[in-house]
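Undergrad: Fold the following and give me the result.
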Amino acid sequence: MLYSPGVLDPRTLGTTLTDELASWGDVVIAIDHPYDVPAVEFPDGRVATSRLPQEFAAAQREGPAAVTALLKKTSAVRFDDLRFVLDTVTRDFDDGRLSRAPIGAFGQSAGGFAAVQALHDDRRLAAAANLDGVLAYVQDDHDEGRLSTVAAESTDRPVLLMGGDGNDHTTVPSWRELWRHSTGWHRDLTLRGTRRTRTRRRCSRRSPAPLACPTGR
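TA: So this is what the prediction gives:
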């Protein structure tokens with residue numbers, strides 16, 4: 001299983017989820033997205049720090065078109081990160097000495113979007129779960145339009161959508177379109193009594209809020 005966290009969130013924020021899956025025997029690989037999370041150290045010692053707060057502030061000054069362009073750019077980088085990890089995992093099994101189960105992906109917020117989009121783009125993934133991630137390049141989950149290709153075209157493989165109160169395939173336009181076009185197994189779960197937490201100042205003031213804030217309990 002590949003795990004992608006939300007915008008500005010380190011992979012360790014999903015430790016409870018990844019540990020739970022690992023306790024059932026799954027191999028879980030959690031991804032830190034360079035220049036997105038606060039800091040990523042590469043094997044050679046270089047440290048990449050987040051550029052998103054500054055880029056988002058600049059895009060806001062330019063206007064809505066610039067914000068949309070930034071959302072597309074940052075999402076594309078996440079898709080590429082997932083494919084890079086997938087390439088590495090599959091290559092390590094190419095010699096046939098080890099067998100593996102099918103590979104799935106899951107993530108929270110922007111990470112959930114990345115997981116489902118990667119499922120659409122790469123047939124090496126068998127299934128994906130999206131925890132409260134909008135599947136469009138919009139700043140509010142309930143905005144129409146600017147659909148991703150996975151929302152517009154869907155997929156023939158299993159997809160799980162999970163949202164807090166008010167977020168399901170009847171209220172989130174991008175989820176509605178995914179649901180309408182899906183030809184594979186798909187389910188939509190609601191965690192009642194939950195919502196995206198906005199207690200962290202950075203969620204509302206420094207970053208693309210709909211992609212940045214994890215679901216609270």
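
Undergrad: distance between the ends of stretch 103-113?
TA: From its first residue to its last, stretch 103-113 covers 17 Å (CA to CA, to the nearest Å).

Undergrad: Do you have the helices of this protein handy? List them.
TA: With helices called from DSSP state H, the chain shows them at 15-23, 52-62, 64-92, 110-121, 149-153, 173-181, 201-205, 209-212.

Undergrad: From the chain's centroid, how far away is the third one?
TA: Its chain's C-alpha centre and that of helix 64-92 lie 10 Å apart, by CA atoms, centre = their mean, to the nearest Å.

Undergrad: Tell me the helices and strands packed up against it.
TA: strand 2-4, helix 52-62, strand 103-108, helix 110-121 (3 or more CB pairs under 8 Å, 6 or more residues apart in numbering; DSSP states H and E). To be clear about C-beta, it is placed using only N, CA and C from the backbone, and glycine gets the same treatment.

Undergrad: list the helices and strands the first one packs on?
TA: Here strand 2-4 touches strand 29-30, helix 64-92, strand 103-108, helix 110-121, going by 3+ CB pairs under 8 Å, 6+ apart.

Undergrad: Save the helices and strands packed on helix 64-92 as TSV, and put in mean pLDDT and mean neighbour count too.
TA: Converted to TSV, the helices and strands packed on helix 64-92 look like this (pLDDT from 0 to 100; neighbours: other CB atoms under 10 Å):
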stretch	mean pLDDT	mean neighbour count
strand 2-4	95	26
helix 52-62	90	15
strand 103-108	94	25
helix 110-121	94	27
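
Undergrad: picking up where we left off before, of the helices and strands packed on strand 2-4, give the one that comes closest to residue 47.
TA: helix 64-92 (17.1 Å; CB to CB).

Undergrad: pretty sure residue 179 is touching residue 169, no?
TA: Yes. With contact defined as CB atoms under 8 Å, residue 179 and residue 169 form a contacting pair (4.0 Å).

Undergrad: thinking again about what came up before, make TSV out of the helices and strands packed on strand 2-4 and add distance to residue 161.
TA: Shown next, in TSV, are those (distance: least, CB to CB, whole Å):
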stretch	distance to residue 161
strand 29-30	21
helix 64-92	17
strand 103-108	11
helix 110-121	8
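
Undergrad: Pick out the shakiest of the helices of the chain, pLDDT-wise.
TA: In terms of mean pLDDT, the lowest-scoring of the helices of the chain is helix 201-205 (a mean of 38).

Undergrad: how about the residue most central in space within the chain, what does it touch?
TA: For the chain, residue 111 is the residue whose C-alpha lies nearest the centre (CA atoms, centre = their mean; 1.6 Å). Going by CB atoms under 8 Å, 6 or more residues apart in numbering, residue 111 touches 3, 4, 5, 6, 9, 78, 131, 133.
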